[in-house]
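Colleague: For reference, the sequence and a predicted model appear below.
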Amino acid sequence: MNQAEKTKWVIDPAHSEIHFKVKHLVIANVTGSFEKFNATVYSNGEDFTDAQVEFKADVNSINTNQPDRDNHLKSPDFFDAGTHPELTFVSKSLRKKGDGGFVLGGDLTIRGTTKHVELEGEFGGIVKDPYGNTKAGFELNGKVNRKEFGLHWNALTEAGGMVVGDEIKLMMNVELAKS
(Lines give C-alpha, C1' and ligand atoms only; values in the text may rest on other atoms or scores of the structure.)
Protein backbone atom coordinates (compact mmCIF):
# COMPACT_ATOMS: atom_id res chain seq x y z
CA MET A 1 0.00 0.00 0.00
CA ASN A 2 1.46 3.38 -0.95
CA GLN A 3 1.25 6.51 1.20
CA ALA A 4 -1.58 7.94 -0.91
CA GLU A 5 -3.79 5.04 0.28
CA LYS A 6 -2.81 5.40 3.95
CA THR A 7 -4.15 7.63 6.68
CA LYS A 8 -1.99 10.68 7.29
CA TRP A 9 -1.42 11.98 10.81
CA VAL A 10 0.48 15.12 11.78
CA ILE A 11 2.01 16.04 15.11
CA ASP A 12 0.15 18.62 17.17
CA PRO A 13 3.00 20.82 18.48
CA ALA A 14 0.73 22.56 20.99
CA HIS A 15 0.11 19.22 22.73
CA SER A 16 3.45 17.47 22.19
CA GLU A 17 6.82 17.66 23.97
CA ILE A 18 10.29 16.57 22.85
CA HIS A 19 12.68 16.41 25.84
CA PHE A 20 16.14 15.09 26.61
CA LYS A 21 18.26 14.62 29.74
CA VAL A 22 22.02 14.40 30.13
CA LYS A 23 24.20 14.02 33.21
CA HIS A 24 26.06 17.13 34.34
CA LEU A 25 29.13 16.68 36.53
CA VAL A 26 28.04 13.04 36.96
CA ILE A 27 25.78 14.05 39.88
CA ALA A 28 22.76 15.76 38.32
CA ASN A 29 20.72 15.91 35.13
CA VAL A 30 20.19 18.83 32.79
CA THR A 31 16.87 18.69 30.96
CA GLY A 32 16.25 20.33 27.63
CA SER A 33 13.75 20.36 24.82
CA PHE A 34 13.26 21.24 21.20
CA GLU A 35 10.59 23.92 20.83
CA LYS A 36 10.12 23.64 17.04
CA PHE A 37 9.50 20.27 15.42
CA ASN A 38 7.18 18.49 13.02
CA ALA A 39 6.25 14.94 12.22
CA THR A 40 4.12 13.03 9.76
CA VAL A 41 2.87 9.51 10.34
CA TYR A 42 1.23 7.28 7.74
CA SER A 43 -0.78 4.24 8.86
CA ASN A 44 -3.60 1.94 7.81
CA GLY A 45 -6.52 3.89 9.18
CA GLU A 46 -6.32 4.11 12.95
CA ASP A 47 -4.11 1.00 13.26
CA PHE A 48 -0.54 2.09 13.90
CA THR A 49 1.03 -1.38 13.62
CA ASP A 50 2.41 -0.47 10.19
CA ALA A 51 3.15 3.20 10.97
CA GLN A 52 5.73 5.06 8.93
CA VAL A 53 7.13 8.01 10.88
CA GLU A 54 9.11 11.03 9.69
CA PHE A 55 10.20 13.53 12.37
CA LYS A 56 12.30 16.71 12.23
CA ALA A 57 13.43 19.06 15.01
CA ASP A 58 14.91 22.53 14.54
CA VAL A 59 18.28 22.50 16.35
CA ASN A 60 18.10 26.29 16.77
CA SER A 61 15.00 25.79 18.94
CA ILE A 62 16.93 23.89 21.62
CA ASN A 63 16.02 25.13 25.10
CA THR A 64 17.64 24.20 28.42
CA ASN A 65 16.43 27.38 30.19
CA GLN A 66 19.98 28.71 30.09
CA PRO A 67 20.74 30.92 27.00
CA ASP A 68 24.55 30.59 27.27
CA ARG A 69 24.30 26.78 27.40
CA ASP A 70 21.78 26.78 24.53
CA ASN A 71 24.17 28.85 22.39
CA HIS A 72 27.02 26.45 23.23
CA LEU A 73 24.82 23.48 22.23
CA LYS A 74 24.10 25.16 18.86
CA SER A 75 27.83 25.77 18.26
CA PRO A 76 30.27 23.49 16.38
CA ASP A 77 31.24 21.99 19.79
CA PHE A 78 27.88 20.18 19.79
CA PHE A 79 25.06 20.29 17.19
CA ASP A 80 26.72 22.77 14.78
CA ALA A 81 23.33 24.29 13.93
CA GLY A 82 24.85 26.57 11.28
CA THR A 83 25.81 23.53 9.18
CA HIS A 84 23.24 21.00 10.46
CA PRO A 85 20.08 22.99 11.32
CA GLU A 86 17.84 19.99 12.00
CA LEU A 87 17.88 16.50 13.38
CA THR A 88 15.69 13.84 11.78
CA PHE A 89 14.19 10.43 12.54
CA VAL A 90 12.77 8.09 9.89
CA SER A 91 11.15 4.88 11.11
CA LYS A 92 12.18 1.49 9.72
CA SER A 93 10.23 -0.92 11.95
CA LEU A 94 7.54 -1.14 14.60
CA ARG A 95 7.00 -4.22 16.73
CA LYS A 96 4.55 -4.90 19.52
CA LYS A 97 5.73 -5.99 22.95
CA GLY A 98 3.91 -8.40 25.23
CA ASP A 99 3.10 -5.69 27.79
CA GLY A 100 0.99 -3.73 25.33
CA GLY A 101 3.84 -1.43 24.39
CA PHE A 102 5.86 -1.28 21.21
CA VAL A 103 9.37 -0.64 19.94
CA LEU A 104 9.83 1.89 17.15
CA GLY A 105 13.10 1.43 15.28
CA GLY A 106 14.52 3.91 12.84
CA ASP A 107 17.35 6.07 11.61
CA LEU A 108 18.23 9.12 13.71
CA THR A 109 20.40 11.73 12.00
CA ILE A 110 22.23 14.31 14.09
CA ARG A 111 25.01 16.51 12.78
CA GLY A 112 25.11 14.59 9.48
CA THR A 113 25.60 11.20 11.18
CA THR A 114 22.87 8.57 10.93
CA LYS A 115 22.51 5.72 13.41
CA HIS A 116 19.77 3.15 14.03
CA VAL A 117 17.95 3.73 17.32
CA GLU A 118 15.06 2.04 19.09
CA LEU A 119 12.43 3.88 21.10
CA GLU A 120 10.20 2.16 23.65
CA GLY A 121 6.62 3.31 23.29
CA GLU A 122 3.16 3.27 24.76
CA PHE A 123 0.01 3.97 22.79
CA GLY A 124 -2.35 6.22 24.76
CA GLY A 125 -5.36 5.67 22.52
CA ILE A 126 -7.52 7.55 20.04
CA VAL A 127 -10.26 10.09 20.83
CA LYS A 128 -12.27 12.80 19.14
CA ASP A 129 -11.58 16.23 20.58
CA PRO A 130 -14.38 18.75 21.30
CA TYR A 131 -14.05 20.07 17.72
CA GLY A 132 -14.55 16.69 16.04
CA ASN A 133 -10.86 16.10 15.24
CA THR A 134 -9.45 12.59 15.69
CA LYS A 135 -6.36 12.56 17.94
CA ALA A 136 -3.94 9.79 18.91
CA GLY A 137 -1.50 9.88 21.83
CA PHE A 138 1.89 8.24 22.31
CA GLU A 139 4.73 8.26 24.81
CA LEU A 140 8.23 7.36 23.54
CA ASN A 141 11.50 6.91 25.43
CA GLY A 142 15.01 5.96 24.40
CA LYS A 143 18.73 6.46 24.89
CA VAL A 144 21.53 7.43 22.55
CA ASN A 145 25.25 7.99 22.96
CA ARG A 146 25.95 11.57 21.89
CA LYS A 147 29.51 10.76 20.82
CA GLU A 148 28.20 8.35 18.16
CA PHE A 149 26.67 11.42 16.49
CA GLY A 150 29.82 13.56 16.63
CA LEU A 151 28.94 15.52 19.78
CA HIS A 152 32.34 15.01 21.43
CA TRP A 153 32.97 18.22 23.40
CA ASN A 154 33.66 17.74 27.08
CA ALA A 155 35.78 19.06 29.92
CA LEU A 156 37.10 17.58 33.14
CA THR A 157 36.36 18.64 36.69
CA GLU A 158 39.15 19.10 39.26
CA ALA A 159 38.55 15.52 40.38
CA GLY A 160 38.81 14.21 36.81
CA GLY A 161 35.09 13.65 36.22
CA MET A 162 33.39 14.55 32.96
CA VAL A 163 31.29 17.71 32.79
CA VAL A 164 28.81 16.24 30.28
CA GLY A 165 27.67 12.60 30.24
CA ASP A 166 27.73 10.54 27.06
CA GLU A 167 24.26 9.00 27.41
CA ILE A 168 21.31 11.13 26.37
CA LYS A 169 17.84 10.09 27.54
CA LEU A 170 15.01 10.92 25.12
CA MET A 171 11.44 11.47 26.32
CA MET A 172 8.62 12.37 23.97
CA ASN A 173 4.92 12.87 24.57
CA VAL A 174 3.22 13.10 21.22
CA GLU A 175 -0.31 13.90 20.14
CA LEU A 176 -1.16 13.29 16.49
CA ALA A 177 -4.06 14.74 14.57
CA LYS A 178 -5.69 12.75 11.79
CA SER A 179 -5.22 14.77 8.63
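Modeller: Received, thanks. Numbering: from 1, shown residues only.
Colleague: quick check, Asp68 in a helix?
Modeller: Yes: assessed by DSSP: H, G, I helix; E, B strand; the rest coil, Asp68 belongs to a helix.
Colleague: Quick one: residues contacting it.
Modeller: Residues near Asp68 by CB atoms under 8 Å, 6 or more residues apart in numbering: none. In short, each C-beta sits where N, CA and C put it, glycine included.
Colleague: Read off the pLDDT value for it.
Modeller: pLDDT for Asp68: 88.
Colleague: again with Ile27
Modeller: 58.
Colleague: Kindly report the same for Thr31.
Modeller: 83.
Colleague: Bridging across strands, which residues link to it?
Modeller: Lys21 (DSSP bridges).
Colleague: and the gap between it and Gly105?
Modeller: 25 Å (CB to CB, to the nearest Å).
Colleague: And the strands in the chain?
Modeller: 7-11, 17-24, 28-34, 37-44, 47-58, 62-63, 86-96, 102-110, 113-128, 134-145, 164-178 (DSSP state E).
Colleague: Give the buried residues for the longest one.
Modeller: When burial is assessed from 16 or more other CB atoms under 10 Å, strand 113-128 yields the following buried residues: Val117, Leu119, Glu120, Gly121.
Colleague: I'd like those residues as TSV, with pLDDT and distance to Lys21 appended.
Modeller: Output for the buried residues of strand 113-128, formatted as TSV (pLDDT from 0 to 100; distance: CB to CB, whole Å):
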residue	pLDDT	distance to Lys21
Val117	95	16
Leu119	96	15
Glu120	95	15
Gly121	94	18
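Colleague: In JSON lines: these, plus distance to Asn71.
Modeller: Shown next, in JSON lines, are those (distance: CB to CB, whole Å):
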{"residue": "Val117", "distance to Asn71": "26"}
{"residue": "Leu119", "distance to Asn71": "28"}
{"residue": "Glu120", "distance to Asn71": "32"}
{"residue": "Gly121", "distance to Asn71": "32"}
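Colleague: Kindly indicate which of these lies nearest Val59.
Modeller: Checking those against Val59 by CB to CB gives Val117 as the nearest, at 17.1 Å.
Colleague: The closest residue to the closest one other than its chain neighbours: neighbour count?
Modeller: With sequence-adjacent residues excluded and distances taken as CB to CB, 6 or more residues apart in numbering, Val117 is closest to Leu108, at 4.6 Å. Leu108 has 21 neighbours, counted by other CB atoms under 10 Å.
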